[in-house]
Each structure stands twice: as C-alpha cells, then as structure tokens.
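J.: would you be able to build a 3D model of this:
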Amino acid sequence: MEAIQVQDVHKTYRGKVHALRGVSLDVMEGEIFGLLGPNGAGKSTLVKILMTVIHASNISGTMLGKLIGDRVTLRDVGYLPEHHRFPYYLTGNQVLHHYAAMSKIARATRTKRASSLLTRLGLHGWEHKKVGTYSKGMLQRLGIAQALMCDPKLLILDEPTDGVDPVGRREIRDLLAELRQEGRAVFLNSHLLSELEMVCDRVAIMVKGEVTMQGTIDSLTKDSKRYEIELKGSMPTWAKEACDTVQDNTMIVRSDDAEAIQPLLDRLRAEQTTIISVRPVRETLEDLFMRAVDNTDSPGAVQ
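T.: Alright, predicted model coming up:
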C-alpha cells in the first residue's frame, strides 16, 4: 500500500514562478524513499505541501490512505523540517514534551517515549540541558526524536543528517533501517547522495520542478552495468573483438550477467594472461544525478 501517492502536483508562486510542474510519485509502506535534486529543484516545496505548510496550486493524491491535508492523518506523520529551530531556553526533554503535547499525546506516553528516544538518538545525559548548548548534530538528533514522538506510520525528514558527523550519520542510517523493519515508511529529502545510496530502497530525482527519474537505484542504473577486467602486460590482439571497449589495460564488457564473461576469462587463463582484477561496475547515485541534471539542461529539454 502507498504511504504517499500524489499526481500532477503544481505550485506557482506570485510572479508566475513555477516551483513544481506536475510532480507524481509513490512512497510505499515499509520503504525508505529518497528525494534528491539540485538547489531550487522544488524538493522542500513538495515536502511543505505534503505537510500542509503551504498549499499546492494543484494536487491529487493521498497520504496514509486519506486525502492530502487530512488533519487526523497528519497525527500519524512525523516531520523534521529543514533548518528547524527549537526554543533555546527549553531542555531536550521539554522540547519533546512540548511538541508531543501539541499532537495531543498523553503525558504518560510522552514521558516514556521521550526517555526512550533520547537514549536511542544518543542524547542520554543531555535531556535536562538547554538546547541552546546543543551542537548542530545534536539538534538534528533531537529533531528526529521529535519527529518520532507521535509513533508515526510515515516519517518525513528534510535534510536529516545536515551538520551531523560521520559517526552520527551512520547511527541515523541504522535507525532508519530499524524503522523500515518496523514497517514504517520513511521519506527523505537530502543533498547527501552517498547517504541516500546506502539507505534508500527507491529514489526520485527532481530537476526544475519535475521528477525526471524514479525507481530503485538498481533499475535506474541497469543500462550502465558492466564488468571491467584489468590485465597485466600487453592487451591480447583479439581483445577489441571480444569485448565492448578496451581502455589501456582494461577490457570492458557491458553486461550485468557474470556468466557472460566466463568464456572471456577462460580464454585469458588459457593464454596464461595475468588477470589483476574483475570488477562489476555501475553508475553511482551521483552519476545518475548528474545525468538527470545534464539531460534537463540540454537543448530542447523541458523547462
């Protein structure tokens, strides 16, 4: 079942500024979905529309089975905005109680969840210290804890690892994986492509207010998959005919089927050619991202 299912989302600001141009995407229950794109692509605008912070010029779809904007449904959605700010004079524990109370969560439940989440997010020992003394990374952790206070079925995180150190980013990735195992849907908006690549089941790439690619990283990079066979010494005379490309001392076979290169390896071994390495290679998420941006910027692309 879809946790988020939207079609043809448009947002036009005053002055005919088109922030979103017919965005459609699906986020399934129990998956981590990554939304990426360059600055100004419309990612945060879409997130704010989903959370009813701003209104779309046009939208069709549902969130957790209800129409977008349903107030009762929003109680089951955890949200971490980009550049969030907490009152600096509150403690971490008070912040969680404050925002959970606004969601009408009972005091006893708030107390139990706050203690558990502060420990889970690595903030044990800081719960009674004012957030004005927290580092940027600690504030991000507190923000995620705040988003989890409502025990959400859907978690929407806008740049959740911004300002978090490498150790903290890994811990957050592990947390997101745990949430997925619990059956929750996680919708991530981030510019840290390496982070998304490690944790996301599917991604959508947005450029100039449009989703230009959507799917699993594996499916989106299928056409780029290849094997690179690096050899020692001179390249065999027959190499160019036996593979797709030869680069220096490397033979490249465009296939994701390991069986396809076995006859080639057998021939190299029979001729006692030294094989240094055999590497399966595909585009990275960064490669995908750059291809999407370049295609949109090319002459004749939709603007």
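
J.: please enumerate the helices of the stretch 101-250 of the chain.
T.: 107-120, 136-148, 166-181, 193-199, 217-220, 239-242 (DSSP state H, counting those that start in this stretch).

J.: quick one: buried residues of the third one?
T.: Which is helix 166-181. For helix 166-181, the neighbour count (16 or more other CB atoms under 10 Å) marks 168, 169, 171, 172, 173, 175, 176, 179, 180 as buried. All C-beta spots, glycine's among them, are computed from the backbone N, C-alpha and C.

J.: got those residues as JSON lines, with distance to residue 234 and pLDDT columns?
T.: As requested, those are exported to JSON lines (distance: CB to CB, whole Å; pLDDT from 0 to 100):
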{"residue": "168", "distance to residue 234": "49", "pLDDT": "83"}
{"residue": "169", "distance to residue 234": "45", "pLDDT": "86"}
{"residue": "171", "distance to residue 234": "49", "pLDDT": "86"}
{"residue": "172", "distance to residue 234": "49", "pLDDT": "87"}
{"residue": "173", "distance to residue 234": "45", "pLDDT": "89"}
{"residue": "175", "distance to residue 234": "52", "pLDDT": "90"}
{"residue": "176", "distance to residue 234": "49", "pLDDT": "91"}
{"residue": "179", "distance to residue 234": "53", "pLDDT": "92"}
{"residue": "180", "distance to residue 234": "50", "pLDDT": "93"}
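
J.: what's the local residue count around the nearest residue to residue 143 once chain neighbours are set aside?
T.: Distance criterion CB to CB, 6 or more residues apart in numbering; nearest residue to residue 143, sequence neighbours excluded, is residue 80 at 4.6 Å. Look at residue 80: counted by other CB atoms under 10 Å, it has 22 neighbours.

J.: can you pull the contacts of residue 80?
T.: 143, 144, 146, 147, 156, 157, 158, 160 (CB atoms under 8 Å, 6 or more residues apart in numbering).

J.: and of the residues you listed, the nearest to residue 1?
T.: Distance ranking of the contacts of residue 80 against residue 1, using CB to CB, places residue 156 first at 17.1 Å.
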